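A.B. asks: Sequence and predicted structure, then a few things I'm wondering about:
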Amino acid sequence: MGYRVAVVGATGNVGREMLNILEEVDFPVEKIHAIASRKSIGVEVSFGDQILKCEDVEQFDFSTVDVVLMSVSGSFSKEWSPKIGAAGPIVIDNSSAWRMDPDVPLVVPEVNPDDVEWANRKNIIANPNCSTAQLVVALKPLHDRARIKRVVVSTYQSVSGAGKEGMDELFDQTKNVFVLGATPPKKFPKQIAFNVIPFIGAFQDDGYTDEEAKMWNETHKMIDPAIKLTVTCVRVPVMVGHSEAVNIEFHEPLDEDEARDILRDSPGLIVIDKRDDKGYMTPKEAQGEFPVFVSRIRNDPTVENGLNLWVVADNLRKGAALNAVQIAELLHARGLIRQKALA
Ligand code: 2RA
């Protein structure tokens with residue numbers, strides 16, 4: 001016996017990964033539904049050996065399931081998550097719609113697992129933005145030891161963060177550069193093939209982008225509002241895997257050796273940090289993996305108690321689908337999913 005689970009947005013990059021990971025981690029599933037918008041009704045997606053046909057979100061009776069994993073736009077989630085939550089199941093939402101709602105916990109299980117305890121306020125739990133998820137897994141254990149004063153991050157975000165259209169655009173432009181000349185940008189504001197774009201999301205009045213603001217707002221909600229964090233988010237021509245160059249200043253002394261030991265002992269992290277060609281991680285190597293990888297751990301001698309890190313993860317996994325499934329596992333472990341399903 002297991003839970004009745006629905007994945008909404010099952011045909012997208014992250015929705016498909018949610019189905020893959022539910023199966024890979026052996027989450028106790030009694031019945032699984034792939035849900036999508038009307039235009040995708042009948043589209044087939046796989047769940048292990050099973051082929052699921054997508055069902056129409058408008059027609060689906062959400063009171064018949066226990067857990068709903070959502071990978072949809074913010075506007076869709078704003079409309080649907082409260083309705084679904086009110087129908088009974090707990091909603092784990094991957095959009096930005098609910099992350100900063102004071103009545104919705106924003107959770108990375110390695111960082112703030114106890115926040116799932118108050119998820120019943122709206123029956124919604126938010127998944128952070130991909131670039132925040134991998135960052136906080138690395139920051140939290142260091143903050144617990146030496147209290148972070150300030151963080152400066154530069155991201156190197158893969159095109160899969162912008163969905164399948166982003167991946168198609170990189171693929172097509174790269175091919176076309178050799179045969180026809182590059183095709184004009186559609187999904188991204190400028191050519192992404194053989195280029196980098198220092199802009200993700202939308203500009204705010206202060207000159208930062210909303211992608212950048214998400215990183216400090218979400219870090220404050222999950223770890224500590226006293227952490228000063230500044231960031232530049234950059235799109236790079238990588239298919240999957242976000243990387244981050246992270247400079248941290250602590251209140252208390254913490255050197256690279258102790259930081260390496262702390263990170264090695266922390267959940268969800270793998271330290272790959274040797275000073276040779278195999279001693280650091282790249283996004284290509286992180287693709288398809290569960291952990292967050294930390295490399296290039298170095299003292300920063302230009303500030304008191306400074307440290308530099310290189311943090312890499314699969315943005316579709318830890319940055320999205322895996323984190324959502326880990327939240328479901330956490331709810332299961334704490335008995336917070338409707339128990340009648342397991343009776
Ligand atoms: C991106 N962070 O990489 C976004 C996806 N959530 O575009």
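C.D. replies: Received, thanks.
A.B. asks: So Lys190 lies in a helix, does it not?
C.D. replies: No: going by DSSP: H, G, I helix; E, B strand; the rest coil, the assignment for Lys190 is coil, not a helix.
A.B. asks: That one reaches Ile197, doesn't it?
C.D. replies: Yes: using Cβ atoms under 8 Å, Lys190 is in contact with Ile197, at 5.3 Å. Any C-beta I mention is one placed from the backbone N, CA and C, and that applies to glycine too.
A.B. asks: Looking at the two, which has the bigger crowd around it?
C.D. replies: Neighbours per residue (other Cβ atoms under 10 Å) separate Lys190 from Ile197, with Ile197 holding more: 18 against 12.
A.B. asks: Quick check: closest non-adjacent residue to that one.
C.D. replies: Arg235 (4.3 Å; Cβ to Cβ, 6 or more residues apart in numbering).
A.B. asks: Need the pLDDT of the one you found.
C.D. replies: pLDDT recorded at Arg235 is 98.
A.B. asks: In this structure it contacts Val196, no?
C.D. replies: Yes: when contacts are counted by Cβ under 8 Å, Arg235 is listed as touching Val196 (6.8 Å).
A.B. asks: More neighbours: those two, which one.
C.D. replies: Per other Cβ under 10 Å, whichever of Arg235 and Val196 has more neighbours is Arg235, with 25 against 13.
A.B. asks: if we can go back for a sec, roughly how far does the residue nearest to Ile197 sit from the ligand?
C.D. replies: Applying Cβ to the nearest ligand atom, to the nearest Å, the value for Arg235 to the ligand is 7 Å.
A.B. asks: what residues are up against that residue?
C.D. replies: Counting by Cβ atoms under 8 Å, 6 or more residues apart in numbering, Arg235 makes contact with Gln157, Val159, Gly161, Ala162, Phe188, Ile192, Val196, Ile197, Phe199, Ile200.
A.B. asks: which residues does it bridge with?
C.D. replies: For Arg235, the beta-bridge partners under DSSP bridges are Gln157, Ile197.
A.B. asks: Likewise for Ile124?
C.D. replies: Going by DSSP bridges, Ile124 forms beta bridges with Val91.
A.B. asks: For it, give me the pLDDT.
C.D. replies: 98.
A.B. asks: residues touching it, list them.
C.D. replies: Going by Cβ under 8 Å, 6+ apart, Ile124 touches Ser81, Pro82, Gly85, Ile90, Val91, Asp93, Trp98, Asp101, Val104.
A.B. asks: In these, find the pair that's most separated.
C.D. replies: The most widely separated members of these are Ile90 and Asp101, with 15.1 Å between them, by Cβ to Cβ.
A.B. asks: The two: who's more crowded?
C.D. replies: Ile90 (25 against 14).
A.B. asks: Quick one: residues contacting the more buried one.
C.D. replies: Contacts of Ile90 by Cβ under 8 Å, 6+ apart are Asp66, Val67, Val68, Ala119, Asn123, Ile124, Ile125, Leu331, Leu336, Ile337, Arg338.
A.B. asks: Leu135 versus Phe203, what's the distance?
C.D. replies: 22 Å (Cβ to Cβ, to the nearest Å).
A.B. asks: higher neighbour count, the two?
C.D. replies: The neighbour count for Phe203 versus Leu135, taken as other Cβ under 10 Å, is higher for Leu135 (31 against 11).
A.B. asks: right, and the more buried one touches Val311 too?
C.D. replies: Yes: between Leu135 and Val311 there is a contact under Cβ under 8 Å: 6.3 Å.
A.B. asks: Now for the two: what residues contact both?
C.D. replies: What both Leu135 and Val311 touch, as defined by Cβ under 8 Å, 6+ apart, is the set Glu244, Val246.
A.B. asks: For the contacts of Ile90, pick the one with the most neighbours.
C.D. replies: Val68 (28 neighbours).
A.B. asks: dump the residue contacts of the residue in the stretch 151-300 of the chain that the ligand sits nearest to.
C.D. replies: The ligand sits closest to Gly161 of the stretch 151-300 of the chain, with a gap of 1.9 Å, by Cβ to the nearest ligand atom. Contact analysis of Gly161 by Cβ under 8 Å, 6+ apart lists Cys130, Ser131, Ile200, Arg235, His242, Asn315, Gly319.
A.B. asks: what about 7 Å?
C.D. replies: By Cβ atoms under 7 Å, 6 or more residues apart in numbering, the contact set of Gly161 is Cys130, His242, Asn315.
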